[in-house]
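S.K.: just coords:
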């Protein structure tokens, strides 16, 4: 196929865009204290933060799957104004500045919060400053990614598959588990990965709602932020680790996530 | 704007100055100040603006954050620190012009919810398992001071969170999320949302606040003037009203 | 076992109103142009479409709007075969066929499914995925998937139209065989007259949401009541007001016909009965019109010539005749029809 030649101007602009992505990453890699890297990697602060981050982000993703898929199913069924309202609601955390999200979570689940106060007074349960709070903060900001991906997948699904299944005598749950969900697998997968990546990198809402305590709420992004002021080498090493993890995710997905968005 | 200023200044150098009645434009100043200084410095800034001595903008954050920013090359004229260690760090990095001056002192106090519903009276009380206590991180001067005070009192606290700046501790207590936190006396004086429990002298720590002009400053004159204002009787009165102890 | 249905569907200004009965052992084909409402009718019978009315299958009321009764699709025992198979892409062929059996809770569903596939000669494709099958194979598997559950009602939505013309005949033969062997009620919808004629025991013609004609294929085509059916039958159809020996048509035209009767009538003229002349002929026929050749269709040794005129008609002549007349598009020509060749019946 003979395609039209791309004008130079477009090439230049694209190159600039690419530089914008490349330079910061290059800076990170070049300035990394490679000789100290191993020391940093085994430092308890690092390993604790990493372990906590992985635990919280995976938990957040699991919750997002359990709550987000049904939510996406409802969203995919609605139409008109109701759909626009629900859609706006579920994607709000995506556009909200994370710290604002953290404040909102405090106002809802803090000791004086809408729901939090009830929990505290009745059961003595306090959510802020706990690992659960970190998980909640991450779920709040990351779940929309999953919902959007799954909803898109549902809308593009040929509804005749479900009809065929029903005509063959399959009830609601059989249709869901044997037909709909298997066909949705790519959308669920890419949504889950995006959700996990977002949860892993979450900072603003976590530090506002869950605070900062090593081993309990000090996730990698928070550890990096702190380390930047006291021990920059540790910050850079941690940043690199997160960079490698994120890159691995993206490469592993091999461009499949584009379809979901 | 610059041309106008230039013309005004040029004119004012000779006798035939037509623009000399034009008021001088106040010099913009960027002041990096520890977050505990906010209420006091905001007021001082107003004074400076009224006098048209300077047009100050303030960058408030935990002292360690400010140092990090300045080391990375953030532009600024003046640096006011909540401890001498961080000022020394900048001096070593060659970013300070001249010698720093101590302009205020602060002491620590325990912040509790209004009415002190949990009945906290001493540092030792902070170790109670039923309390949610928040402290500033070790890297923040207030956090370092708090650890010193706790060590003096022989108390071990298990905080729920280590905040990035002392005002973070204050806000958690004010929001009701934490039962207690160790902050500066000045924080409690200016807050109005919390009550303070005094820490006895024997356990308390005195925080030294040094201030200095930054070498990179483009307006060292007005910067020095601002520091003079802080050291003046008027400035010291403002600081004391905010809960600080004078230089 | 019979199906009795009175279906009414209202949607976006479109109204479908059909009464249909079908007995076991009989294939009813609903024929109509696209947009007539055929698929909607089928889906309504399957329980997949909002409808008003009443559907009774084998004495069981599947739907009765007046009494608020509704049996959901999954409990209707109605097998549905879609136009383009709609096999589950993530399941193997045998799992597709076994799907309904598993939904029914049958043990050995896989083995039973394999049995169906073997019998159809598709046993070697049992473990393949639907995307690895040819169009014809996929459609056959779709049919087996529906038949495997032994439904009482089999609904087929244009079962052959998505297939290549070359394999259509073969699949049609197999379909005919299977339908004959199926003991339940069969309703098939299509827009392809050939499909309808080949598979139907009874034909129901649907146009714009209403039934315009029904009967055996022969009955319907020998007495078409609409252009669509006339085209289907390959005859010329006109409608007019009969007055004894002639029929008054639209636009002052008149058609001489023997024993036309009185009143509103349809008149059928077979293209064979239309003769073409270069110059105005002399003779007994009273139906003589001048027109222009609009287009023509070669069909072996015959040519179907569409002529524009006071009475637009399709004439069928031989190739030789065509050559002799030297006809081409736009050429002027005289059409002649003997009054005795016009068959008339009440509208």
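M.R.: Received it, and whenever you're ready, just let me know what you need. No experiment lies behind these values; they were computed from the predicted model shown.
S.K.: Touching, residue C:4 and residue C:28? I think so.
M.R.: No - using C-beta atoms under 8 Å, residue C:4 is not in contact with residue C:28; the gap is 12.0 Å. Glycine gets a C-beta too; all of them are placed from N, C-alpha and C.
S.K.: These two: who's more crowded?
M.R.: Comparing residue C:4 with residue C:28 by other C-beta atoms under 10 Å in any protein chain shown, the one with more neighbours is residue C:28, at 21 against 15.
S.K.: Verify the stated contact: residue A:65 with residue A:188.
M.R.: Yes - Residue A:65 is in contact with residue A:188 according to C-beta under 8 Å; the separation is 7.4 Å.
S.K.: For the residue of chain B found nearest chain A, list the residues it contacts.
M.R.: At 2.7 Å from chain A, residue B:161 is the closest residue in chain B, using C-beta to the nearest C-beta. By C-beta atoms under 8 Å, 6 or more residues apart in numbering or on different chains, residue B:161 lies in contact with A:129, A:210-213, A:217, B:134-135, B:172, B:178.
S.K.: of those residues, closest to residue B:96?
M.R.: Closest approach between these and residue B:96, by C-beta to C-beta: residue B:135, at 29.1 Å.
S.K.: Determine the three-state secondary structure at that closest one.
M.R.: Here residue B:135 is strand, with the state taken from DSSP: H, G, I helix; E, B strand; the rest coil.
S.K.: you'd agree it is up against residue B:145?
M.R.: No - counting by C-beta under 8 Å, residue B:135 does not reach residue B:145; the two are 10.2 Å apart.
S.K.: So for residue A:65 and residue A:188, which residue has more residues nearby?
M.R.: More crowded of residue A:65 and residue A:188, by other C-beta under 10 Å: residue A:188, with 21 against 17.
S.K.: How about the residue nearest the centre of chain B, nearest residue that isn't a chain neighbour?
M.R.: Closest to where the C-alpha atoms of chain B average out (C-alpha atoms, centre = their mean) is residue B:37, at 2.7 Å. Excluding the flanking residues, the one nearest residue B:37 by C-beta to C-beta, 6 or more residues apart in numbering or on different chains is residue B:80, at 5.8 Å.
S.K.: right, and that neighbour touches residue B:33 too?
M.R.: Yes - contact criterion C-beta under 8 Å: residue B:80 and residue B:33 qualify, at 4.3 Å.
S.K.: Which neighbours do the two have in common?
M.R.: Common neighbours of residue B:80 and residue B:33 (C-beta under 8 Å, 6+ apart) are residue B:41.
S.K.: re the thing from before, spit out the residues that contact residue B:135 and residue B:145 alike.
M.R.: Shared contacts of residue B:135 and residue B:145 (C-beta under 8 Å, 6+ apart): residue B:182.
S.K.: Among the two, which residue is more densely surrounded?
M.R.: More neighbours surround residue B:135 than the other of residue B:135 and residue B:145, with 27 against 24 (other C-beta under 10 Å).
S.K.: Show the contacting residues for that one.
M.R.: By C-beta under 8 Å, 6+ apart, residue B:135 lies in contact with B:143, B:146-147, B:157, B:159, B:161-163, B:169, B:181-182.
S.K.: How much space separates it from residue B:110?
M.R.: Plainly put, residue B:135 is 11 Å away from residue B:110 if you go by C-beta to C-beta, to the nearest Å.
S.K.: Just the pLDDT at the residue in chain C that chain B sits nearest to, thanks.
M.R.: At 47.5 Å from chain B, residue C:90 is the closest residue in chain C, using C-beta to the nearest C-beta. The confidence metric pLDDT takes the value 94 at residue C:90.
S.K.: quick one: it is in a strand?
M.R.: No - counting by three-state DSSP, residue C:90 is not part of a strand but coil.
S.K.: Ramachandran coordinates for it?
M.R.: The phi/psi pair for residue C:90 (degrees, to the nearest 10) reads phi -90, psi 0.
S.K.: before we move on, back to that, which residues touch the residue nearest to the centre of chain B?
M.R.: With C-beta under 8 Å, 6+ apart, residue B:37 has these contacts: B:60, B:80, B:82, B:104, B:186, B:209.
S.K.: Farthest pair within the contacts of residue B:135?
M.R.: B:147 and B:161 (14.9 Å).
S.K.: could you pull out the helices for the chain?
M.R.: All of this is about chain A. With DSSP state H, the ranges of helices along chain A come out as A:8-30, A:34-42, A:44-77, A:80-95, A:98-109, A:116-123, A:131-155, A:159-167, A:172-174, A:181-201, A:204-209, A:220-230, A:232-253, A:257-260.
S.K.: let's do chain C instead
M.R.: Under DSSP H, chain C gives helices at C:38-46, C:93-103, C:109-119, C:135-148, C:165-181, C:193-199, C:217-222, C:227-233, C:319-325.
S.K.: For those helices, give me JSON lines that also has mean pLDDT, distance to residue A:138 and mean neighbour count.
M.R.: Converted to JSON lines, the helices of chain C look like this (pLDDT from 0 to 100; distance: least, C-beta to C-beta, whole Å; neighbours: other C-beta atoms under 10 Å in any protein chain shown):
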{"stretch": "helix C:38-46", "mean pLDDT": "91", "distance to residue A:138": "44", "mean neighbour count": "24"}
{"stretch": "helix C:93-103", "mean pLDDT": "94", "distance to residue A:138": "38", "mean neighbour count": "25"}
{"stretch": "helix C:109-119", "mean pLDDT": "92", "distance to residue A:138": "43", "mean neighbour count": "17"}
{"stretch": "helix C:135-148", "mean pLDDT": "92", "distance to residue A:138": "44", "mean neighbour count": "23"}
{"stretch": "helix C:165-181", "mean pLDDT": "85", "distance to residue A:138": "55", "mean neighbour count": "14"}
{"stretch": "helix C:193-199", "mean pLDDT": "82", "distance to residue A:138": "58", "mean neighbour count": "20"}
{"stretch": "helix C:217-222", "mean pLDDT": "83", "distance to residue A:138": "67", "mean neighbour count": "17"}
{"stretch": "helix C:227-233", "mean pLDDT": "80", "distance to residue A:138": "63", "mean neighbour count": "19"}
{"stretch": "helix C:319-325", "mean pLDDT": "86", "distance to residue A:138": "80", "mean neighbour count": "14"}
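S.K.: could I get those as a markdown table with distance to chain B?
M.R.: A markdown table is the format used below for the helices of chain C (distance: least, C-beta to the nearest C-beta, whole Å):
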| stretch | distance to chain B |
| --- | --- |
| helix C:38-46 | 57 |
| helix C:93-103 | 53 |
| helix C:109-119 | 57 |
| helix C:135-148 | 60 |
| helix C:165-181 | 71 |
| helix C:193-199 | 73 |
| helix C:217-222 | 81 |
| helix C:227-233 | 76 |
| helix C:319-325 | 92 |
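S.K.: Tell me which of those helices sits nearest to chain A.
M.R.: helix C:93-103 (3.4 Å).
S.K.: does the closest one come close to chain A?
M.R.: Yes - Helix C:93-103 lies within reach of chain A by C-beta under 8 Å from any C-beta of the partner chain, at C:99-100, C:103.
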